[in-house]
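**Q** just the structure for this:
(one chain, ligands or ions: 2)
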Amino acid sequence: MTELAYDVVVIGAGPVGENVADRVVQGGLTAAIVERELVGGECSYWACMPTKALLRSGSALRAARQVPGAREAVTGDLDAAAVLARRDSIVANWRDDGQVSWLESAGIALHRGHGRLSAAKVVEVTDADGATTTLTARHAVVVATGSSSRMPDIPGLRAAAPWSSREAAAATSVPRRLAIIGGGVVATEMATAYATLGSSVTVLARDGVLPSVERFAAEQVTQSLREAGVSLHLDAEAVSVHRDDAGTVHVDTSQGERVEADEVLVAIGRTPNTQDIGLDTVGLTPGDWLTVDDTMRVVTVGDWLYAAGDVNRRALLTHQGKYQARAVGDVIVARAKGEKVDDGRWGRHVATADERAVPQVVFTDPEIAAVGLTAAAAEAAGLRTRVVDYNLGAVAGATLHADGYQGQARMVVDEDRKVIVGVTFVGPDVAELIHAATVAIVGEVPLDRLWHAVPAYPTVSEVWLRLLEAYGR
Ligand SMILES: Cc1cc2nc3c(=O)[nH]c(=O)nc-3n(C[C@H](O)[C@H](O)[C@H](O)COP(=O)(O)OP(=O)(O)OC[C@H]3O[C@@H](n4cnc5c(N)ncnc54)[C@H](O)[C@@H]3O)c2cc1C
Ligand SMILES: NC(=O)c1ccc[n+]([C@@H]2O[C@H](COP(=O)([O-])OP(=O)(O)OC[C@H]3O[C@@H](n4cnc5c(N)ncnc54)[C@H](O)[C@@H]3O)[C@@H](O)[C@H]2O)c1
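**A** Numbering: from 1, shown residues only. Ligands and ions are numbered 1, 2, ... in the order given. This is a model prediction of the structure:
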């Protein structure tokens, strides 16, 4: 058995673990990272990147078809094989050489294998051959093990070899018929991708489509999925699943219907990767999400254990996990050096934006881009709000962007502070609009001052001016 010591040991080399280790080394400490699969994690190989690659070609094709002149130049359908090949290249054919080189260049030691806590500040790494290395952390251990697809206990489901988001992201062919259980972000994005790639898609959305976004945005996506030929069963739950000898999957629903498909994708949320990381050795329960304070420290354990990214359940998004990682890496360095910890609201060592300013883009057709609170969430939080809506299609930039551009914008204003607390856009290519909204919310820019932030003409961003005009000066 090999024994090594580092200032900081990070379990999990997803986007979050990599960023924690990087900040730690940049702060002058030593760091080791433990990874059991591919350096780069779920996001790079089975989540964000491959799924967006599956969606991008269809989105480009639709965009061309919405502009006369370009439309006439589009002479064929989507080439599914070329889309899958581009996806393969974007995930570097599931090889992590590039990310391993980056770790080396950043001065981070990589230990391949499964990491488990075995005592305070001690992580045991078991490699593929069963050999064990013991890593002792002088200052901190950071759990950045991410999450996995949650599988419900539906009779027959497991035996039917369902797809999780991984198989949907990494598929080598397009199933003729795809059934999807769930109506959230993965379900709607994959329904969009596979319908565009030629599958006949059925979605069983027990709790409706995208229940956590503004209703007007979810409704536009619902309508568009239907127009794309997706069969949407709202309020329907899968009650039993069976794959027959010919390979066909039969899904019986709570509404008494039977859906037949070649594959069934389960997309009902995530479970933390904490079942087998030795949580019991430090007094925690295996399989639980890790609850942390504002500096991402697992407070019940002492002052040395941190959890960042999906595993702490604050915001299951890559950009938000990386934001936490920057705070965690820096706070570990500050504490190790006895420097002042900046943990007040919006301080360097906390992730305040997780509370009220999380941006997210849902890459459906059309896209939804949102940040902060929905109108309903703001009301539930006890804020005195005013909601302003504007037809995105009426903006000059949108008219130019595409014929028949359909979209909607909403801003939610905190009337007591006269600042924006939430923004949602739905429409073609709205993804790039959202960062302006994030800056306005995080900066708590007063509405009076926002009038001086002039959007360029003729861009879709002019919707900002229209929203202000609708609010009144
Ligand atoms: C289909 C899908 C699409 C998504 N699309 C987006 C998107 O477009 N934008 C976005 O912001 N977010 C997206 N997400 C969410 C995003 O993937 C996660 O928020 C992000 O991957 C979390 O990063 P992480 O580093 O916390 O965890 P992960 O990326 O899950 O990385 C954790 C790493 O830890 C390793 N690990 C786990 N346990 C151990 C152990 N015991 N020992 C050693 N290594 C271990 C794993 O192998 C993995 O490499 C998507 C998620 C899914 C499922
Ligand atoms: N573009 C993006 O940013 C992006 C894309 C994909 C995934 N993600 C992240 O990955 C995470 C996982 O995505 P997801 O779609 O799996 O989860 P989700 O939380 O977005 O949606 C899960 C859906 O399943 C429903 N559901 C829950 N239990 C169910 C059950 N037993 N039967 C039927 N339906 C059930 C929920 O009501 C919800 O609508 C999300 O938190 C999201 O932040 C982000």
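**Q** okay, and the beta partners of Leu4?
**A** Following DSSP bridges, Leu4 is listed with bridge partners Leu135.
**Q** and the gap between it and ligand 1?
**A** As judged by Cβ to the nearest ligand atom, to the nearest Å, Leu4 and ligand 1 stand 16 Å apart. Just so you know, the C-beta spots here come from the backbone N, C-alpha and C atoms, and that holds for glycine as well.
**Q** one more: Thr271?
**A** 11 Å.
**Q** just confirm that residue is within a helix.
**A** No - counting by DSSP: H, G, I helix; E, B strand; the rest coil, Thr271 falls outside a helix, being strand.
**Q** can you list the residues of this structure near ligand 1?
**A** 11-17, 34-37, 41-43, 47-48, 51-52, 114-115, 144-147, 165, 169, 186, 273, 277, 309-310, 316-319, 321 (Cβ under 6 Å from any ligand atom).
**Q** can you flag which of the residues you listed belong to strands?
**A** 11, 34-35, 114-115, 147 (DSSP state E).
**Q** give me every residue in the stretch 101-250 of the chain lying close to ligand 2.
**A** 152, 181-187, 189, 206-207, 211, 237.
**Q** and the residue of the chain closest to ligand 2?
**A** Gly184 (1.9 Å; Cβ to the nearest ligand atom).
**Q** at which residues are the strands of the stretch 101-250 of the chain located?
**A** 109-112, 114-119, 122-126, 132-143, 147-149, 177-181, 200-205, 231-234, 238-243, 249-253 (DSSP state E, counting those that start in this stretch).
**Q** and the nearest residue to Gly329 once chain neighbours are set aside, what pLDDT?
**A** Leaving aside its sequence neighbours, Gly329 sits nearest to Arg23 (Cβ to Cβ, 6 or more residues apart in numbering; 2.4 Å). The model reports Arg23 with a pLDDT of 98.
**Q** look at Arg23 and give its secondary structure.
**A** Looking at Arg23 with three-state DSSP, the answer is helix.
**Q** quick one: contacts for it?
**A** 325-326, 328-330, 333 (Cβ atoms under 8 Å, 6 or more residues apart in numbering).
**Q** wait, which of those residues is closest to Val298?
**A** Val328 (11.3 Å; Cβ to Cβ).
**Q** show me the contacts for the closest one.
**A** 20, 23, 142, 295-296, 306, 308.
**Q** is ligand 2 contacted by the host helix or strand of it?
**A** Using DSSP states H and E, Val328 sits in helix 318-336. No - if you take Cβ under 6 Å from any ligand atom as the test, helix 318-336 misses ligand 2, and the best it gets is 7.8 Å.
**Q** now that helix: mean pLDDT?
**A** Mean predicted confidence for helix 318-336 is 98.
**Q** how many neighbours does the residue of the chain closest to ligand 2 have?
**A** The number of residues packed near Gly184 is 19, by other Cβ atoms under 10 Å.
**Q** which ones are touching it?
**A** 210-212, 267-269.
**Q** returning to that earlier point: now, the residues of the stretch 101-250 of the chain next to ligand 2 that are in helices?
**A** Under the assignment DSSP state H, these contribute 185-187, 189 to helices.
**Q** and the two most separated of the residues of the stretch 101-250 of the chain next to ligand 2?
**A** The widest separation within these (Cβ to Cβ) is 20.9 Å, between Glu189 and Glu237.
**Q** looking at those two now, which is surrounded by more residues?
**A** More crowded of Glu189 and Glu237, by other Cβ under 10 Å: Glu189, with 23 against 16.
**Q** go ahead and confirm the more buried one touches Thr364.
**A** Yes - Glu189 lies in contact with Thr364 (Cβ atoms under 8 Å); the separation is 5.9 Å.
**Q** show me what contacts the one residue sitting closest to the centre of the chain?
**A** In the chain, the residue lying closest to the centroid (Cα atoms, centre = their mean) is Leu317, at 3.5 Å. For Leu317, the contact set (Cβ under 8 Å, 6+ apart) comprises 358, 360.
**Q** can you check the one 4 residues further on too?
**A** By Cβ under 8 Å, 6+ apart, the residues touching Gly321 are 14-16, 144, 308-310, 315.
**Q** about what we covered before: which of the residues of the stretch 101-250 of the chain next to ligand 2 are buried? Put it as a PyMOL command.
**A** The PyMOL selection below is limited to those of these classed as buried (16 or more other Cβ atoms under 10 Å):
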select buried, resi 181+182+183+184+185+186+187+189+206+237
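**Q** just give the number of residues close to the residue nearest to Ala106 when sequence neighbours are not counted.
**A** Among residues not flanking Ala106 along the chain, Asp22 sits closest, at 5.3 Å (Cβ to Cβ, 6+ apart). Asp22 has 22 neighbouring residues, counting by other Cβ under 10 Å.
**Q** Asp22 and Phe425: what is the separation?
**A** From Asp22 across to Phe425, the span is 32 Å (Cβ to Cβ, to the nearest Å).
**Q** now Ala5
**A** 50 Å.
**Q** neighbour count: the two, which is higher?
**A** Between Ala5 and Phe425, Phe425 has the larger neighbour count (other Cβ under 10 Å), namely 29 against 14.
**Q** name the helices or strands packed onto whichever helix or strand comes after the helix holding Val328?
**A** Next along the chain after helix 318-336, taking DSSP H and E as the criterion, comes helix 353-356. Judged by 3 or more Cβ pairs under 8 Å, 6 or more residues apart in numbering; DSSP states H and E, the packing partners of helix 353-356 are helix 318-336.
**Q** hey, what's Ala119 bridged with?
**A** With DSSP bridges as the rule, Ala119 is bridged to Val122.
**Q** what is the burial count for it?
**A** Ala119 - counted by other Cβ under 10 Å - has 12 other residues nearby.
**Q** alright, I will stop here.
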